[in-house]
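J.: Task: produce atomic coordinates for the following.
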Amino acid sequence: MRHILPMSLVVLVIFQTGCARDEATAPQPVGPTTQVVGSSTVASGIAFWSTAGGTGIFVMAADGSERTRLTGPGAFDFDPSFSPDGRQIAFSRWLAGELQLAEILVMAADGSGVTRITNNDYPDEQPTWSPDGRQIALVSRQDNNWDIYVINADGSARTRLTDHPGRDQNPKWSPDGQKIAFWSDRDGNLDVYVMNTDGSALTRLTTDPGVDVEPTWSPDGRRIAFSSGRDGNSEIYVMGADGSAPTRLTNNPASDGTPSWSPTGRIAFTSNRDGNFEIYVMNADGSAPTRLTNHPSSDADPSWGPWLDQTPPQLTLPNDFGVSPQRWFGALAGYIGNVSATDDLDPQPDIACTPPSPSVFPIGTTQVQCTATDEAGNSSTGTFALTVRNQYQELAFDVANLEAVINNPGSAGSERVKEVLAKVQAARTEFARTPTDRLAALGHLQSATENLYLALEEGEISAFGFDVHVRRFAGNARLTADQAIAEAKARGGNAAAIADAESALAKGDEKRAARLFTDAVAQYRKACKSATDA
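T.: Numbering: from 1, shown residues only. Below is the predicted model:
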């Protein structure tokens, strides 16, 4: 019935359908429980098709346990293919009453959400996903001849890759997404070919007179396993990706075919060596063949799923930190360079933080929450605190640094610096009051600025230290005036007084730009008084 494989394997499988035990009413597992491997990934299992209770798609764990029906009974489904992320399975379905017509469907890996993505009056079969999961290659008899096409994962943008009177079948993407291997009889014999994903650079890889079909790439893309009848019956071979050094892996009088590589380099295949078509697995050198299915029905065409990432990204966040206020309402602050995430499988997990960076943060402490999400949907969340300091907190920096200057054993003298420190501490005391006595605080800051100039002249503080502190004093004074003006406007204060306050604030900015910091603080104090009286 099926033209996909020219060997007896599939024909015998289908003919055995009528002898299969009916499992339609048997209890079915909800889904496969995957085996944990290491600390970050699990094997997604193996999809296959079976004639048990009607031909349908099944999945099982990598060791053959937890056999689970995903489709049917009542349909004829075949050609399962796991998506690269392990979340979906594409497959072919013969349409009821139309045995010469098949279409491509996609479903979730648990069998839910079955969606038909091709809908044509000619058969489409053998879907296989691109490594990025965006496209699906397939074979189609669109022009009354079997050729290879590619579509988007939703069925759109159909593009023909081959156009030859011969049969082109069984496309498989290379792991790097650059090549597609397939088999064809275009040269009068069934052989394995490879081409670029746009159909160019077609190259014949096998030339043996025997039948060479069903190519499939190793996980590293360096080898291709395939089925061959070159030694008298169907066996599994492996060769280099360039067709070199073909090596026989199985040696059994029965038929072995449909190889599929595991993520770790083992090979699953179909064989009737025990009298019934079942799925086996072996090492990449052909050793240790192990039967995975043992069922009166025929099980065939394994598709080994990818590793599934089950570990969330490692999120790296900054320690809690503070920034200086810029306006009465807070500061524009950023942190994005200090937030990162790493993941075992995803090189660039998505990171989303709230509030985003940069954002305007209010004065006070805001908890920033960040979530890193990898391609598999695993996420990790963490928080850190970003504080926009108020005047009291800002002056703590100055107190600590001034005390360090005073306590420096190499200091030539510190009397002026001590006076600056006393004024800063007095300003902090005023800012700590409820309500804050802003005018008194700004008076102390003005005096601290004057003494800081004297400390610079007398060599008690370096030019750098002076510049840092004097700018901070002026900034604190400006913030205080800015807040007072904002409050005056909010309460509907006297418009003329508010205008005077804004004028004094602007003059203070001019003085600060000219490095006349004592005058700048005096202007900010004037602005604060006008706003307070408004």
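
J.: now the stretch 51-200 of the chain, which segments are flagged as low pLDDT?
T.: Scanning the stretch 51-200 of the chain for pLDDT under 70 picks out the ranges 96-99.

J.: can you tell me how far residue 335 sits from residue 525?
T.: Distance of residue 335 to residue 525, computed by CB to CB, to the nearest Å: 34 Å. (Glycine included, C-beta is placed from N, CA and C.)

J.: cool, and residue 252?
T.: Taking CB to CB, one finds residue 252 at 97 Å from residue 525.

J.: Neighbour count for the two, which is higher?
T.: residue 525 (23 against 15; other CB atoms under 10 Å).

J.: tell me, how many neighbours does residue 397 end up with?
T.: Counted with other CB under 10 Å, the neighbours of residue 397 add up to 16.

J.: before we move on, what about residue 463?
T.: With other CB under 10 Å as criterion, residue 463 counts 8.

J.: Could you double-check that it sits in contact with residue 457?
T.: No. Residue 463 lies out of contact with residue 457 (CB atoms under 8 Å); the separation is 11.0 Å.

J.: Give the residues shared as contacts by those two.
T.: The contact sets of residue 463 and residue 457 do not overlap (CB atoms under 8 Å, 6 or more residues apart in numbering).

J.: where do the helices sit along the protein?
T.: 8-15, 391-407, 415-432, 438-457, 463-490, 495-513, 517-533 (DSSP state H).

J.: okay, and for the chain, where does confidence drop off?
T.: 1-43, 96-99, 410-413.

J.: Could you chop it up by domain?
T.: 314-386, 391-533 (automatic domain parsing).

J.: now those as CSV including distance to residue 159?
T.: Shown next, in CSV, are the domains of the chain (distance: least, CB to CB, whole Å):
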stretch, distance to residue 159
domain 314-386, 25
domain 391-533, 62
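
J.: Now do stretch 347-357: everything it contacts.
T.: Stretch 347-357 has contacts (CB under 8 Å, 6+ apart) with 313, 315, 333-336, 339-343, 361, 366, 368-375.

J.: again, only this time at 10 Å
T.: 312-317, 333-343, 359, 361, 366-376, 378-384, 386 (CB atoms under 10 Å, 6 or more residues apart in numbering).

J.: Compute the first-to-last residue distance for that stretch.
T.: End-to-end distance for stretch 347-357, by CA to CA, to the nearest Å: 22 Å.

J.: Quick one: distance of it to the chain centre.
T.: 11 Å (CA atoms, centre = their mean, to the nearest Å).

J.: Same question for stretch 301-319.
T.: Centre-to-centre, stretch 301-319 and its host chain are 9 Å apart (CA atoms, centre = their mean).

J.: mind listing what's buried in it?
T.: By 16 or more other CB atoms under 10 Å, the buried positions in stretch 301-319 come out as 301-309, 311-313, 315, 317.

J.: same thing with stretch 348-356?
T.: Applying 16+ other CB under 10 Å to stretch 348-356 flags 349, 351, 353 as buried.

J.: With just CA atoms, put that stretch into CSV.
T.: Provided in CSV are the C-alpha atoms of stretch 348-356 (Å, rounded to 0.1, in the frame of the first residue of the first chain):
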residue,chain,number,x,y,z
GLN,A,348,20.4,33.4,25.3
PRO,A,349,17.4,33.1,27.7
ASP,A,350,14.9,35.9,27.6
ILE,A,351,15.0,38.3,30.5
ALA,A,352,12.1,40.5,31.6
CYS,A,353,12.3,42.8,34.6
THR,A,354,9.6,45.0,36.2
PRO,A,355,10.1,47.9,36.4
PRO,A,356,12.1,47.7,33.2
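
J.: before we move on, the earlier item: can you put the buried residues of stretch 301-319 in CSV and add distance to residue 477?
T.: CSV is the format used below for those (distance: CB to CB, whole Å):
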residue, distance to residue 477
301, 79
302, 76
303, 72
304, 70
305, 66
306, 62
307, 61
308, 60
309, 54
311, 52
312, 47
313, 45
315, 40
317, 34
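
J.: Name the nearest of the residues you listed relative to residue 89.
T.: Nearest to residue 89 among these is residue 303, at 7.6 Å by CB to CB.

J.: is it true that the closest one touches residue 126?
T.: No. Contact criterion CB atoms under 10 Å: residue 303 and residue 126 do not qualify, at 11.1 Å.

J.: Find residues that contact each of the two.
T.: With CB under 10 Å, 6+ apart as the test, residue 303 and residue 126 both reach 79, 81, 90-91.

J.: In contact with residue 346, which residues?
T.: Neighbours of residue 346 in contact, by CB under 10 Å, 6+ apart: 309, 313, 372-376, 378.

J.: I should have written residue 285 there, sorry.
T.: Counting by CB under 10 Å, 6+ apart, residue 285 has contacts 238, 247, 249, 265, 267.

J.: Over to it: give its phi and psi.
T.: With angles defined as degrees, to the nearest 10, residue 285 sits at phi -100, psi 10.

J.: burial of residue 55, as a residue count?
T.: 24.

J.: Setting aside sequence neighbours, what's the nearest residue to it?
T.: The spatially closest residue to residue 55, leaving aside those adjacent along the chain, is residue 76, at 4.8 Å (CB to CB, 6 or more residues apart in numbering).

J.: Look at residue 254 and say how many residues are nearby.
T.: Neighbours around residue 254, by other CB under 10 Å: 15.

J.: Quick check: it vs residue 233, distance?
T.: 7 Å.

J.: before we move on, back to that, inside strands: which ones of the buried residues of stretch 348-356?
T.: 351, 353 (DSSP state E).

J.: before we move on, back to that, just to be sure, which of the contacts of residue 285 are found in strands?
T.: Counting by DSSP E, these contribute 238, 247, 267 to strands.
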